[in-house]
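Q: I would like to see how this sequence folds:
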Amino acid sequence: MGKGKPHIEFLSIDMEDGWETPPGYPDTFKQKILAQDIDEPNRTGSRSRLLKIAPGGYSTEPFVHEHWEEVYLLNGDLIVGNDANGEGGEKFHAPTYACRPPGVHHGPFKTDEGCVMFEMHYFYDAGEE
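A: Got it, this is the predicted structure:
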């Protein structure tokens, strides 16, 4: 078993600087990793992050991954299921929550106002209990 995520005791979060575009995402999507020990190739560990999308930003393809994902929309709006041109989809406003098991196709995503989400990604094997 891995060493786990670090113990962090109320670290101040700079909401302006230190954001990066996650690999494979449009440049209007930015993440800030809060804590992680995730090892995606070996399907272990977890990650906590903030993900923000700039106003008008959108993705063009659905996402799918092999880990669980929980998402809490902290502020703004999120449109789910737009097309490759950023049109259509269903709009949600904060506060909104989603929980997705591995292998579920979700998105594409768009925002009109911009948004910030708190996400947890983790591997969980019910057979380990």
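Q: now do the contacts for the nearest residue to residue 61 once chain neighbours are set aside.
A: Of all residues not flanking residue 61 in the chain, residue 108 sits nearest, at 6.0 Å (Cβ to Cβ, 6 or more residues apart in numbering). Backbone N, C-alpha and C define where each C-beta goes, glycine included. Under the criterion of Cβ atoms under 8 Å, 6 or more residues apart in numbering, the neighbours of residue 108 are 58, 59, 60, 61, 62, 63, 81, 82, 83, 84, 89.
Q: got these as TSV, with neighbour count columns?
A: Below are the contacts of residue 108 laid out as TSV (neighbours: other Cβ atoms under 10 Å):
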residue	neighbour count
58	23
59	19
60	14
61	10
62	12
63	15
81	14
82	20
83	12
84	10
89	17
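Q: name the helix or strand for residue 98, please.
A: For residue 98, the host element (DSSP states H and E) is strand 96-100.
Q: contacts for the helix or strand following that strand next, please.
A: Later in the chain than strand 96-100, the nearest helix or strand by DSSP H and E is strand 109-110. In this structure, residues lying in contact with strand 109-110 by Cβ under 8 Å, 6+ apart are 53, 56, 57, 58, 59, 78, 79, 80, 82, 86, 89.
Q: thanks again, I'm all set now.
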